[in-house]
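# test case, fold it:
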Amino acid sequence: MSTLELVGIEKGFGTTPIVRGVDLQCAAGEFLILVGPSGCGKSTLLRLIAGLEDPDRGDVRIGGERVNDRAPKDRDIAMVFQSYALYPHMTVAENMGFALALRKLPRADIDRQVRETAEALGIAHLLERKPSQLSGGQRQRVAMGRAIVRKPKIFLFDEPLSNLDAHLRGQMRVELKKLHQRLGTTMVYVTHDQIEAMTLADRIVVLDQGKVQQVGSPSAVFDTPATTFVAKFIGTPTINLVPMRCRPDGALEGPAGARATLGRVVPERVAVGVRPHALGLAKPEHALTLRARVEVVEPLGWEAHVHLQCGEVALTSLMTMAEAQDLAVGMDVGLGAMLGELHVFDEGSGRRA
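Okay, here's the model as predicted:
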């Protein structure tokens, strides 16, 4: 395993900037996930690390050494693609051992390493099959196995689970977590799926329009989002944002009689964020209170997503079925949240206030 460092990385295609001044450090053995919407630059960053693209400016350092001028094969990294990129005419064993064969390792060593890796991934019984005879999940395991047998300094994953159905994605997330715990190798993983990011990462890097918006542990990014973009991107259902104005006495006022008391000075115009799980039926101790009309109640077994309208602001509350069972469409209800659950953002800059 090895450290990875990106220093002042910039990359554009034509006149369009894709990556804009990215600085990142990934510790040896860390599972770092790059997450963001399509077009934010995360896959381009991965390709820059791999050497498949050259930066316009900045340095890529692996193990403390600048590798900008090294070919991909000389960087000692292994990449797992979204498409798996398996050779269709080769068996599973041949696919997994191909890189070792290029190194001219003895056949016995190749066979031993391939079998050990296949057994660890639960695909030893598939070694003689061709990719066309495998399911999507099996092909993904083969692609990971091909990377593992090389014992690289760094693993790079480019949305490896996006072609799988929801159930299989859940299974493969667990397998990836186990894999990292067992190998302890540095991993950099690109995804647009925040669930993958939250469940797999040691640290998350949130990107938007080629810039880093926030870096932190999954809990830090969720609990203390640095911007409204991060707040909206991380968390399902998405965070509620209520536009409010701060009065001279420090009290906040918002749509449809919304009120908030923060006990501190904030900018005049702010957006107050509250996660759906923290927005519940009003209680006297709530720091934020408002009235809203019930629009839709979505029962989901033991819980329900309650969609409401507060003036022109759409809200979502995550309630237990016991709390939601008496709600009806068109009903006017009081809602609120505790002070510790409120996230305040400057309306102009979008940054945490």
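
# make it CA atoms for all contacts and neighbour counts henceforth
OK.

# what does the pLDDT read for the nearest residue to Val92 once chain neighbours are set aside?
Distances taken as C-alpha to C-alpha, 6 or more residues apart in numbering put Leu127 closest to Val92, at 4.7 Å, once the chain neighbours are dropped. Predicted confidence (pLDDT) at Leu127: the value is 95.

# burial measure for Leu127, as a count.
17 (other C-alpha atoms under 10 Å).

# ok, so what distance separates it from Gly136?
Here Leu127 is placed at a distance of 15 Å from Gly136 (C-alpha to C-alpha, to the nearest Å).

# off-centre distance for the lengthiest helix in the chain?
The longest helix of the chain (DSSP state H) is helix 166-183. How far helix 166-183 lies from its chain's middle: 15 Å, per C-alpha atoms, centre = their mean, to the nearest Å.

# tell me the buried residues in that helix?
Buried residues in helix 166-183, counting neighbours by 16 or more other C-alpha atoms under 10 Å, are found at 169, 172-173, 179-180.

# quick check: Asp332 touching Val294?
Yes. Using C-alpha atoms under 8 Å, Asp332 is in contact with Val294, at 6.5 Å.

# more neighbours: these two, which one.
Between Asp332 and Val294, counted using other C-alpha under 10 Å, Val294 has the larger neighbour count: 20 against 16.

# how many residues are close by the residue nearest to the more buried one when sequence neighbours are not counted?
If the residues on either side of it in the chain are set aside, Val294 comes closest to Leu308, at 4.5 Å by C-alpha to C-alpha, 6+ apart. Close neighbours of Leu308, defined as other C-alpha under 10 Å, add up to 23.

# before we move on, what about Gln25?
Residues near Gln25, counting by other C-alpha under 10 Å, number 12.

# distance check, the closest residue to it other than its chain neighbours against Gly64.
Nearest residue to Gln25, sequence neighbours excluded (C-alpha to C-alpha, 6+ apart): Glu5, at 4.5 Å. Here the criterion is C-alpha to C-alpha. By it, Glu5 lies 8 Å from Gly64.

# compare these two (neighbour count), which wins?
Glu5 (19 against 11).

# packing partners for the one helix or strand the residue nearest to Val294 maps to?
Leu308 is part of strand 303-310, with elements assigned from DSSP states H and E. Contacts defined by 3 or more C-alpha pairs under 8 Å, 6 or more residues apart in numbering; DSSP states H and E place strand 303-310 against strand 288-300, strand 313-320, helix 321-324.

# what average pLDDT does stretch 210-217 get?
Averaged across stretch 210-217, the pLDDT comes to 97.

# assign Gln140 to helix, strand or coil.
Using DSSP: H, G, I helix; E, B strand; the rest coil, the structure places Gln140 in helix.

# once you drop chain neighbours, what's closest to it?
Counting by C-alpha to C-alpha, 6+ apart, the residue nearest Gln140 is Tyr84, at 6.2 Å.

# next, that neighbour: phi, psi?
Phi and psi for Tyr84, reported as degrees, to the nearest 10, are phi 70, psi -40.

# quick one: it and Arg139 touch, right?
Yes. Here Tyr84 reaches Arg139: they are 6.8 Å apart, a contact under C-alpha under 8 Å.

# quick revisit: can I get the helices and strands packed on strand 303-310 in CSV with distance to Lys211 and mean pLDDT?
Shown next, in CSV, are these (distance: least, C-alpha to C-alpha, whole Å; pLDDT from 0 to 100):
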stretch, distance to Lys211, mean pLDDT
strand 288-300, 33, 96
strand 313-320, 29, 97
helix 321-324, 40, 93
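
# adding distance to Gly350, write the ones you listed out as TSV.
Shown next, in TSV, are those (distance: least, C-alpha to C-alpha, whole Å):
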stretch	distance to Gly350
strand 288-300	20
strand 313-320	17
helix 321-324	32
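
# out of those, which is closest to Ala220?
Among those, strand 313-320 comes nearest to Ala220, with 21.0 Å by C-alpha to C-alpha.

# check which helices and strands that closest one is in contact with.
The elements that strand 313-320 packs onto, with contact taken as 3+ C-alpha pairs under 8 Å, 6+ apart, are strand 240-246, strand 280-281, strand 303-310.
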